[in-house]
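# next input, structure requested:
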Amino acid sequence: MNQRTVVLDRVMLASLVWGDVDDTDRPLAVLLHGFPDTAHTWRHLGPALAEAGYRVVAPFTRGYAPSAIPEDGSYHVPALMHDALALHQEYDGDDRAVLVGHDWGAITANGIAASAANPFRTVVAMAVPPLPTMYPRRGDVGRWLRILPRQAALSWYTLFNQLPRLPERSFDRLVAHLWRRWSPGYDPAEDLAHLAEALPDDEHKAAALGYYRAQSRRRQLPHPYRSLAADWLAEPEVPLLYLQGADDGALDPRWADRIGDRLPAGSVVAVIEGAGHFLQLERPDVVNARVLEFFGASR
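I've put the predicted structure just below:
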């Protein structure tokens, strides 16, 4: 594992890299982390993809050190999509490239999968499915309503993170609590240490919380990202692998049962037993095998 930095037009992004990222004979794989974690959560999948012949780039997304806090202050999903698309260009990606996202990274990847600007051959989303697949539909409203009360209780933190200053002041306790609840039985000590390095002060913590705060402020989306504004709420257009932990404490696993027939042909949905929200860390053997199998089948 090495580290590489690129300066995009709107932000500087540092990435963990595996494989020879300058060897364009190897297809590019971009891995996007979520909250509250860092690029280090790809420490199992990254080497596995490199061994399989990919050159792997896992950025610390905007606001997570050693990446920069963006000058435009935007943490909207279209801004995150813009960064991922720019990484594809910076690393000379082609139509063999693949995209993997977890949590906020999954929301970003799902948006790119729905976009006409998408240069990636296929997409893997973990822990958050494409948002339109979660909408109610005729004949299924009853099942949808049965999931909502538990999901609302699980999603309390999304409202808490909207509050001014309090989430920053209680940030360390908050994220430790979320890791325990979201992935029961998993020891997050190493990941919390990486997170502390990535978010060392209130400015960086506010950046991470900004991902939640920005989505209700769509009118503040900077102009360069507006061409992507509708895509993150649209249905994917390329084959997608969706993986979710059976014990996920952030998103009710019953959502996974409702989405398979709402994805493009060639898509796969799998629930990973013995894993919670951070399934790529809890069951790396299973997750790595599923991802590699899907990438091979989708070629």
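# can you list the buried residues in the lowest-mean-pLDDT helix or strand in the chain?
Lowest mean confidence among the helices and strands of the chain (mean pLDDT, DSSP states H and E): helix 141-154, at a mean of 85. Going by neighbour count (16 or more other Cβ atoms under 10 Å), the buried part of helix 141-154 is 147, 154. In this view, the C-beta of every residue, glycine as well, is placed from N, C-alpha and C.
# quick check: what element follows it along the chain?
Proceeding N to C from helix 141-154, the next assigned helix or strand is helix 156-160, under DSSP states H and E.
# report the rounded mean pLDDT for that next one.
Mean per-residue pLDDT for helix 156-160: 90.
# quick check: next helix or strand after it?
Beyond helix 156-160 toward the C-terminal end (DSSP H and E), the next one is helix 166-169.
# what ranges does this structure have for its helices?
Assigned by DSSP state H, the chain shows helices spanning 45-51, 77-90, 104-113, 141-154, 156-160, 166-169, 171-182, 189-198, 202-214, 279-282, 284-297.
# nearest to residue 234, out of those helices?
Ranking the helices of the chain by proximity to residue 234 (Cβ to Cβ) places helix 104-113 first, at 7.6 Å.
# related to what we said a few turns ago, okay, angle between the least confident helix or strand of the chain and helix 171-182 too, please.
140 degrees (axes from the mean of the first three to the mean of the last three Cα atoms, to 10 degrees).
# what does helix 141-154 contact?
Contacts to helix 141-154, defined as Cβ atoms under 8 Å, 6 or more residues apart in numbering, come from residues 136, 137, 249, 250, 251, 252, 254, 255, 258.
# residues in contact with residue 33?
Residue 33 neighbours (Cβ under 8 Å, 6+ apart): 39, 41, 42, 58, 60, 61, 64, 102, 103, 104, 105.
# could you find the closest non-adjacent residue to residue 113?
Using Cβ to Cβ, 6 or more residues apart in numbering and skipping residues adjacent in sequence, the residue nearest residue 113 is residue 236, 3.7 Å away.
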